[in-house]
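>>> dropping a prediction and its sequence here:
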Amino acid sequence: MKTKDEKLLMRKTPGGIPVIMDKLSYSRAAAVAVYISVGSRDEPEGKCGIAHLLEHLMFKGTEFHTSKEINRLVEAAGGEMNGYTGKEVTSYFVQTIDETLVTAEQILAEMVRKPLLDKKDLEMEKKVVTQEIKMAEDDPDSYIHELLAKAAWQGNPMASSEGGSVECVLPLKAEDIRAFYQDFYRPPFLTVVATGNIDPSQVVGWASHSFDDVSHASKRLQRRSPAFRPGIQLYPREGDQMYAAMGFPGLHAIHKDRYVQSMLSVILAAGNSSRLYQKVREENGLVYSIYAMSYPFTDCGAFGIFFSTSSENSEKVFQLVAEELRKLKEEGLEEDELARAKRWVKGMIVRKLEPMENRMYFLGEQYLQTGSILTEDQMLQRMEAVTDEDVERVAQSTLNQGKMCVALLASDEEGGKVVRYVESLDF
């Protein structure tokens, strides 16, 4: 598969490891990543947070270099390194200048192949991770997303946050970490992604030399598709401000209507001209921000509408949102509304994929979710093919009040009133 400048490539090493490359000849930079196709939903029962804690430990040194030495080598090469843990993937990457890509590759391979995973580092990183968890819980704008997952997918590992919980992280032992690493940090769970001014043959050769001799995992992923649970969950917090998430069952990553649902989220609440932004903020001044998001995963998805407001205005905001949802379902789209949404999305995609690291994330996540890659043009073509009738059909099936899950982060007293009001909504 290739982009318009014929540089997007997908190869496999002789050992079968996927290598996705986006050669940007105009760039002076380069980046390389190793993706592991496991995340928080793949953690053993009672060990939530182990994938994220392992990610932290992978940066604490290898059998050949200390953490300080690794950082010095990367920065001396003009680069920086980082990683992240998601629900279904974990990633390690180095961004650098093109002339030092080989150094970045060597360090990344060493980290993935030969991490120390020392007991002393484990106890130190537990402290760091628990602080990270507490910081996330103190940021209600972000935390409400975790609470929606917790409420909608309760009883399934998809309900757990990527960072885990303090109660789960603290008891983890070195042997737990080592076992998780041994089980999953090997083919067929490994994928390599490289972007920037790269030599594709060199990258494939490096990936083969670094990882083809790793024995394949004996374990398989044991994922259970979560059931989306309707209802209203109140999570108490102090203060007058209320944070809300209205969630609906969404579409998985390879569903034929995935891009239709993306268009629906844009029309409802993405950008300042969207329906909910105009109605709730511009016409009534009841929120600072209101937005919709579609979350596709390999076997499930969610569609959410998010906002925060004062407790005294919360019922009015829910009322206005319900009115707009009902209007969309009953009256359909306005003239040129879908065309405007398509152009907005096109602009976002083009701008978002300009930074090299964003292209790397885009390719890695896309491949691990779908097993294939689309070029920027191919993705835009699929969005252009969406019709008004498609959006109206998906709105009818998605915005189903009987399937709605609402997560509220509010005081007990005010939140209780809102719960009773939300139960009476009609759309």
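Yes, it's here. Residues are numbered from 1 along each chain as shown.
>>> make it CA atoms for all contacts and neighbour counts henceforth
Noted.
>>> burial measure for Ser160, as a count.
Residues within reach of Ser160, counting by other CA atoms under 10 Å, total 23.
>>> in contact with it, which residues?
Contact analysis of Ser160 by CA atoms under 8 Å, 6 or more residues apart in numbering lists 40-41, 48, 146, 149-150.
>>> give me the most central residue, the chain.
Nearest to the mean C-alpha position of the chain, by CA atoms, centre = their mean, lies Gly86 at 5.9 Å.
>>> which residues touch that one?
So Gly86 contacts 39-40, 162 (CA under 8 Å, 6+ apart).
>>> and the protein, what are its domain boundaries?
Domains of the chain are assigned by automatic domain parsing as 8-211, 231-422.
>>> of all those, which one is nearest Arg224?
Closest approach to Arg224 among the domains of the chain is made by domain 8-211 (7.3 Å; CA to CA).
>>> buried sites along stretch 329-338?
Residues 329, 332-333, 338 are the ones in stretch 329-338 that count as buried (16 or more other CA atoms under 10 Å).
>>> hmm, I typed the wrong one, I wanted stretch 17-27.
Those would be 17-24, for stretch 17-27 by 16+ other CA under 10 Å.
>>> can I get the contacts of Gly86 in JSON lines including distance to Lys173 and pLDDT?
Converted to JSON lines, the contacts of Gly86 look like this (distance: CA to CA, whole Å; pLDDT from 0 to 100):
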{"residue": "Gly39", "distance to Lys173": "18", "pLDDT": "98"}
{"residue": "Ser40", "distance to Lys173": "17", "pLDDT": "97"}
{"residue": "Glu162", "distance to Lys173": "19", "pLDDT": "96"}
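>>> let's have those in JSON lines, adding distance to Met383.
Formatted as JSON lines, these follow (distance: CA to CA, whole Å):
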{"residue": "Gly39", "distance to Met383": "29"}
{"residue": "Ser40", "distance to Met383": "30"}
{"residue": "Glu162", "distance to Met383": "30"}
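>>> those residues in helices, which ones?
Secondary structure defined by DSSP state H assigns none of the contacts of Gly86 to helices.
>>> where does the residue nearest to the centre of the chain land on pLDDT?
Looking at Gly86, its pLDDT stands at 97.
>>> where does Glu175 fall, secondary structure wise?
With elements taken from DSSP states H and E, the one containing Glu175 is helix 174-184.
>>> let me redo that: Arg420
Element membership for Arg420, per DSSP H and E: helix 412-422.
>>> quick check, Tyr253 in a strand?
For residue 253 the amino acid is Ala, not Tyr. No: if the criterion is DSSP: H, G, I helix; E, B strand; the rest coil, then Ala253 is coil and not within a strand.
>>> I'd say it and Phe297 touch.
Yes: taking CA atoms under 8 Å as the definition, Ala253 is a contact partner of Phe297 at 5.3 Å.
>>> mind listing the strands for the stretch 251-400 of the chain?
Taking DSSP state E, counting those that start in this stretch, the strands of the stretch 251-400 of the chain run over residues 290-296, 301-310.
>>> could I get those in a markdown table, plus columns for mean neighbour count and distance to Arg393?
Output for those, formatted as a markdown table (neighbours: other CA atoms under 10 Å; distance: least, CA to CA, whole Å):
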| stretch | mean neighbour count | distance to Arg393 |
| --- | --- | --- |
| strand 290-296 | 21 | 16 |
| strand 301-310 | 21 | 15 |
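>>> could those strands be laid out in CSV, adding distance to Leu268 and mean pLDDT?
Listed next are the strands of the stretch 251-400 of the chain as CSV, based on distance: least, CA to CA, whole Å; pLDDT from 0 to 100:
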stretch, distance to Leu268, mean pLDDT
strand 290-296, 7, 96
strand 301-310, 9, 97
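>>> for the spatially closest residue to Met81 that is not a sequence neighbour, give me phi and psi.
Nearest residue to Met81 in three dimensions, chain neighbours excluded: Val94, at 4.3 Å (CA to CA, 6 or more residues apart in numbering). The phi/psi pair for Val94 (degrees, to the nearest 10) reads phi -130, psi 130.
>>> give me the distance between Val94 and Met58.
Separation of Val94 from Met58 (CA to CA, to the nearest Å) stands at 13 Å.
>>> wait, Gly61 touches Ile70, no?
Yes: judged on CA under 8 Å, Gly61 makes contact with Ile70 at a distance of 7.2 Å.
>>> so which residues of the stretch 1-150 of the chain form helices?
Listed in chain order, the helices of the stretch 1-150 of the chain (DSSP state H, counting those that start in this stretch) span 50-57, 67-76, 101-113, 119-137, 140-152.
>>> and the contacts of Ser160, which is closest to Glu392?
Ala149 (25.7 Å).
>>> list the contacts of the closest one.
158-161.
>>> cool, and Asp22?
Taking CA under 8 Å, 6+ apart as the test, what Asp22 contacts is 7-9, 194-196, 359.
>>> what's the closest of the buried residues of stretch 17-27 to Pro226?
Pro18 (28.0 Å).
>>> list the contacts of the closest residue to the closest one other than its chain neighbours.
Computed as CA to CA, 6+ apart, the closest residue to Pro18 that is not its neighbour in sequence is Lys12, at 4.5 Å. Contact analysis of Lys12 by CA under 8 Å, 6+ apart lists 18-19, 204.
>>> okay, now the unreliable bits of this structure?
For the chain, applying pLDDT under 70 flags the ranges 1-6.
>>> try 90 this time
Counting by pLDDT under 90, the chain contains low-confidence residues at 1-7, 26, 219, 222, 271, 348-359, 375-377, 413-417.
>>> just how off-centre is stretch 157-169 within its chain?
15 Å (CA atoms, centre = their mean, to the nearest Å).
>>> ignore the last one, stretch 283-292
In terms of CA atoms, centre = their mean, the centre of stretch 283-292 is set 24 Å apart from its chain centre.
>>> which residues touch it?
265-266, 268-271, 276-277, 280-281, 303-309, 313, 317.
>>> how many neighbours does the residue found closest to Ser310 once you drop the neighbours it is linked to in the chain have?
Distance criterion CA to CA, 6+ apart; nearest residue to Ser310, sequence neighbours excluded, is Gln241 at 4.5 Å. Neighbour count for Gln241, taken as other CA under 10 Å: 18.
>>> give me phi/psi at Gln241?
Per-residue torsions, Gln241: phi -80, psi 140 (degrees, to the nearest 10).
>>> residue contacts, it?
Contacts of Gln241 (CA under 8 Å, 6+ apart): 308-311, 410.
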